[in-house]
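Student: Okay, predicted coordinates and the sequence, questions at the end:
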Amino acid sequence: MNVSRRMFLSGSASLIVSAPMISRVFGSTSTKKNLVVIMLRGGMDGLTAVPFIGNNILGKARPDIGVDKPIKITSNFALHPQLKNFKKLWDKNKASIFHATSIPYTGRSHFEGQYLMESGGTVPYYDKTGWLGRALENANKKSLSISLPMPLILRGGRDLDNFMPSANRLPSDETLKILAADYHEDEVLSNVLRTIRKRPIAMMQTSKNSSQDVKRLAKIAGQQLAQPDGASIAVFDIAGFDTHADQGGDNGEHAKKLKQFDQIIGTLNYELSSAFEDTIIVSLTEFGRTVDQNGGSGTEHGYGSAILMAGGLLHKSKIIGDWPGLEKKNLFEGRDLDSSIDSRAVYASILARVLDSEHKQIVKNAFFNANLPDMTQRIFG
Amino acid sequence: MKTKAFIRRVGFGLKPDEQLPTNPLDWAKEQMLAVPKLIWPGKIYSEREMLDIRIDFTSSEDKLQKTEKDPSKAKVKKKKLYRRTGRKFFERYELAIRHHQAVYGNQPVFERFWHFWGNHFAIIDKNKLPVFNTGPMQREQLRPLMTGRFADMVYEMTLSWPMMKSLDNFKSRGPNSEFNVNRRRKNKPEKGLNENHGRELLELHTISPQAGYNQEDVINAAYIMTGWGFIGGKKGIEAKKIGYQGSLHEPGTHIVLGKKYKTEGFSSKTKGKKQLRNLIENLCESEDCRNFIAWKLCRHFICDDPKPGMIKIVIDAWKKSKGMLPDIHKAVLEATWKYGETEQKFLSPETWLIQIVRMTGADWPGDHKIFDYDFKSRLNYKQKKISRILGELGHLPFRAKQPNGFPDTEAEWLSQEYLVRRIALVNNPTQIGLYKNSLPLIDISKKMVNKNFDDPKELLDILSKLEKKNSNPNSLIAILCSRKVLKV
């Protein structure tokens, strides 16, 4: 079956959404809505996560690293077999994929790309704040990053914290007060210490096992997100998608990383329980990878990739996007999956939904008034 | 810049018994002239020895996986194998050598530059490289290069074993190389180019994207690099040497940033071999390379956003000396001396840790005899703590996640969780070698402040308000986690 270059909604036969559905989608603002961003560093291969199976171009281009046991989800697309939790949510109409999309960056450098996927701008190393941080500046929502650094994506936001389990114990607040007096003249240090002193008890407990197993980290985040007065924004950071050699297929390096991503989704689903209904999880990467495999059974830096979304805020599982095709003439610079839409448009629409904000306002606050179409209907409709 | 602040900015501060140098700028510059010997009293393993140990480890592990199918027996055997080959030991051992040198050595400023270059040529955390290879390479190959030319350093690092392994160039082959022409003739699928190392050579090691190269330049740099990999020797890449294999090289002239690299010579074995040397020489001679490296050095020592005036001092020295590192390093020190007073630099976790143990006279990383390992026992607390603590602080120097290494700015290093970990570390000072039988902790703090601060009053005032109980770490936290120690 041929897929047209026009808008496609695989897996969903109809664009018509019933009236009660609309009110549920765009209605109430009273519940706390959660957004989880999972950053996938190194260039996540959208063609491995969500391979195109409508023809055999991909199979021929990747004889050694193809996905052998793809889970078919539409007539043209499949899921990587490691995305088991994602598939379960797909079956419940709680997962979608935006395919063939990228941030507006074609330079193929990880570090420029990663900077831009977080800053939301177009000039590497220029903006000192991140798109999520800017969107949250006036939102009165708590954010928690599951990482040691405060990632650029959240910088500029107000109520920020970051966390990883640790074995050492903090001194009493009396001692921290001494530091607070010393930090008085330094705004950044003061703010950081203030958040530390306000941390919930769960985040102050020490842990002998400081393992960074993603399920454990997701559990911690899930518990905070599930609290009515806890964080409503969480950020995860998984590195290691840069598979220039031995990328693997169903198993191997890229698969291992996709599995971690999937475990975070599965754990959050479990921990959030009913709050998962008011949650959306999205992936974010700096670029996709070349269609062809390279000399080392890996792939090179590319352009278009996929955004994987899951959570109860979605109501219809579907693959969204304008599929450019994998024929040579349709590839970006003859080698990469093209991007049919600036992925910031997807994030802006998701932000508008989670923050109950006007799309226009989000684009202005978070994305420098870039020309980003409103994708709300396509994602949530 | 003020004397004591300068010593903390470019070195690791003064030890309790260390003399204040009369001319700190000269003191620092003199350290750039010769490579200090490693003062570690224990055994120092050569890179070759470590590769042999790596062969032993990987081959024994492979064999075990293939032969032992009973999971519980396999577990026992694996543990024994790990101990015999130092799988959990060697990274800690290398860290101990590195920290011993920084804390007790007499050229701390040199060590700071060594740490800088180790991070510039970061080897990522994969394939057990941090365990067996990264530390030895930095000691044996990188360190001696610091008194030579920058271009030579780039060339040698490009062809170092861990770099070759981590950036995959040994798997890269010219699409039209003899190798691939033969494969096509035999109807076998082509094994083509790998752009990874070519791109990072341009982006991270020499000219940065500021130079404005494009995808074609990256591909051509990768063509030039084809043929370089592991050659000769027995089975397994660990047993081989880094060398050039003409049959894998992409033939013809390659163009990078408008400059042509022709094939030289007639022998098919060595044709194209010189292209890499020529490319690196040209890259290192370019204005883009000088600008990038000078900026990065200034960012490390002066401030997160270096100004043109600072960078110019380094660039001028580079031009004048034709890229000699001692001159470049001395210029960085001069620029720091000149501009450091008005700027501040937030210290990375590892630099901060070394500073606080050095300035307080702590027993860190512990007596070298602790690290006399029998390759049979379980590692003990004292052997493990160096990597545990650096891991807690988020800065295991041989474990960069990406080839751009660890970051170097306050925005990247100052977060709630990072700060919590520094405070919590000092809250239990025995961990860093400040034991209860040493001086009262408040006296250690006072001594350290008097010795290391040009204007100690503010910090002494904080101490004067605290209790004098020996076991209370308050005074240490108040000083070692103070704004003036975190930021120099």
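Tutor: Received it, and whenever you're ready, just let me know what you need.
Student: What residues does the residue nearest to A:Gly59 when sequence neighbours are not counted make contact with?
Tutor: Nearest residue to A:Gly59 in three dimensions, chain neighbours excluded: A:Gly66, at 5.3 Å (Cβ to Cβ, 6 or more residues apart in numbering or on different chains). Every residue, glycine included, has its C-beta placed from N, CA and C. For A:Gly66, the contacting residues are A:51, A:58-59, A:249, by Cβ atoms under 8 Å, 6 or more residues apart in numbering or on different chains.
Student: Just the buried ones among those, please.
Tutor: With burial judged by 16 or more other Cβ atoms under 10 Å in any protein chain shown, the buried subset of the contacts of A:Gly66 is A:51, A:58, A:249.
Student: Next step: the residues you listed restricted to helices.
Tutor: In helices, defined here by DSSP state H, the members of the buried ones among the contacts of A:Gly66 are A:Leu58.
Student: A:Leu331: what's it in contact with?
Tutor: Applying Cβ under 8 Å, 6+ apart, the residues contacting A:Leu331 are A:291, A:324, A:337-338.
Student: For the residue nearest the centre of chain A, which residues are in contact?
Tutor: By Cα atoms, centre = their mean, the mean C-alpha position of chain A lies nearest to A:Ser283, the distance being 2.0 Å. For A:Ser283, the contact set (Cβ under 8 Å, 6+ apart) comprises A:37-40, A:44, A:261, A:306-309.
Student: do the same with A:Leu372
Tutor: A:342, A:344-345, A:348, A:363.
Student: Next, the contact list for residue 58, please.
Tutor: Here I'm looking at chain A. Contacts of A:Leu58 by Cβ under 8 Å, 6+ apart are A:47, A:51-52, A:66, A:291, A:326.
Student: meant chain B, my bad for not saying
Tutor: Taking Cβ under 8 Å, 6+ apart as the test, what B:Thr58 contacts is B:128, B:236, B:238.
Student: Could you pick out the buried ones from those residues?
Tutor: Here, 16+ other Cβ under 10 Å leaves B:128, B:238 buried among the contacts of B:Thr58.
Student: which of the contacts of B:Thr58 are close to chain A?
Tutor: When contact is defined as Cβ under 8 Å from any Cβ of the partner chain, the contacts of B:Thr58 do not meet chain A at all.
Student: Tell me which helix or strand in chain A has the weakest average pLDDT.
Tutor: Least confident element among the helices and strands of chain A, by mean pLDDT, DSSP states H and E: helix A:19-26 (a mean of 42).
Student: Next SSE downstream of it?
Tutor: strand A:34-40 (DSSP states H and E).
Student: May I have the first helix or strand past that next one going along the chain as PDB, with CA atoms only?
Tutor: Moving toward the C-terminus from strand A:34-40, the next helix or strand (DSSP H and E) is helix A:46-49. Extracted in PDB, the C-alpha atoms of helix A:46-49 (Å, rounded to 0.1, in the frame of the first residue of the first chain):
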ATOM      1  CA  GLY A  46      13.200   6.800  14.500                       C
ATOM      2  CA  LEU A  47      13.500   4.100  11.900                       C
ATOM      3  CA  THR A  48      14.500   1.500  14.500                       C
ATOM      4  CA  ALA A  49      12.000   2.600  17.100                       C
END
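Student: Okay, buried residues for stretch B:339-358 please.
Tutor: Of the residues in stretch B:339-358, B:339-340, B:343-358 count as buried by neighbour count, 16+ other Cβ under 10 Å.
Student: What of stretch A:205-225?
Tutor: A:214, A:217-218, A:220-225.
Student: okay, now A:Thr129: neighbour count?
Tutor: When counting by other Cβ atoms under 10 Å in any protein chain shown, one arrives at 20 neighbours for A:Thr129.
Student: ok so, going back, the residue nearest to the centre of chain A falls within a helix, correct?
Tutor: No - counting by DSSP: H, G, I helix; E, B strand; the rest coil, A:Ser283 is not part of a helix but strand.
Student: Kindly indicate which of the contacts of A:Ser283 lies nearest B:Phe132.
Tutor: A:Leu40 (28.8 Å; Cβ to Cβ).
Student: In contact with the residue nearest to the closest one when sequence neighbours are not counted, which residues?
Tutor: Leaving out its chain neighbours, the residue that sits closest to A:Leu40 by Cβ to Cβ, 6+ apart is A:Thr285, at 4.4 Å. A:Thr285 sits next to A:39-44, A:117, A:241, A:305 when contact means Cβ under 8 Å, 6+ apart.
Student: Can you tell me which of those has the most neighbours?
Tutor: Counting neighbours by other Cβ under 10 Å, A:Ser305 leads those with 33 neighbours.
Student: Please report phi then psi for that residue.
Tutor: phi -140, psi -160 (degrees, to the nearest 10).
Student: State the distance from the closest residue to it other than its chain neighbours to chain B.
Tutor: In space, and not counting its chain neighbours, A:Ser305 is closest to A:Gly288: 3.2 Å by Cβ to Cβ, 6+ apart. Per Cβ to the nearest Cβ, to the nearest Å, A:Gly288 is found 15 Å from chain B.
Student: Might one say that A:Gly288 is in contact with A:Asp45?
Tutor: Yes - under the criterion of Cβ atoms under 8 Å, A:Gly288 makes contact with A:Asp45 at 6.1 Å.
Student: residues bridging contact with those two, i.e. touching both?
Tutor: With Cβ under 8 Å, 6+ apart as the test, A:Gly288 and A:Asp45 both reach A:302, A:305.
Student: Closest to chain B out of the contacts of A:Gly66?
Tutor: A:Gly59 (13.1 Å; Cβ to the nearest Cβ).
Student: centroid residue for chain B?
Tutor: Residue closest to the average C-alpha location in chain B (Cα atoms, centre = their mean): B:Gly118, at 2.3 Å.
Student: Check which element follows the helix or strand it falls within along the chain.
Tutor: B:Gly118 belongs to helix B:108-120 when assigned by DSSP H and E. Using DSSP H and E, the helix or strand that follows helix B:108-120 in sequence is helix B:129-132.
Student: Does the helix or strand that that next one is followed by pack against any helices or strands, and if so which?
Tutor: Helices and strands here follow DSSP H and E; after helix B:129-132, the next one along the chain is helix B:134-137. When contacts are defined as 3 or more Cβ pairs under 8 Å, 6 or more residues apart in numbering or on different chains; DSSP states H and E, helix B:134-137 packs onto helix B:47-67, helix B:90-104, helix B:161-166.
Student: Next, the buried residues of the longest one.
Tutor: So the one you mean is helix B:47-67. Those would be B:47, B:50-51, B:53-58, B:60-61, for helix B:47-67 by 16+ other Cβ under 10 Å.
Student: Check the second one too.
Tutor: For helix B:90-104, a neighbour-count test (16+ other Cβ under 10 Å) marks B:90-103 as buried.
Student: coming back round to it: from the contacts of B:Thr58, which is closest to chain A?
Tutor: Distances from chain A to the contacts of B:Thr58, taken by Cβ to the nearest Cβ, are shortest for B:Lys128, at 14.8 Å.
Student: which residues does that closest one contact?
Tutor: With Cβ under 8 Å, 6+ apart, B:Lys128 has these contacts: B:54, B:57-58, B:87.
Student: pLDDT and distance to B:Thr253 added to the residues you listed, as JSON lines?
Tutor: Shown next, in JSON lines, are these (pLDDT from 0 to 100; distance: Cβ to Cβ, whole Å):
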{"residue": "B:Arg54", "pLDDT": "96", "distance to B:Thr253": "38"}
{"residue": "B:Phe57", "pLDDT": "96", "distance to B:Thr253": "43"}
{"residue": "B:Thr58", "pLDDT": "94", "distance to B:Thr253": "39"}
{"residue": "B:Arg87", "pLDDT": "97", "distance to B:Thr253": "46"}
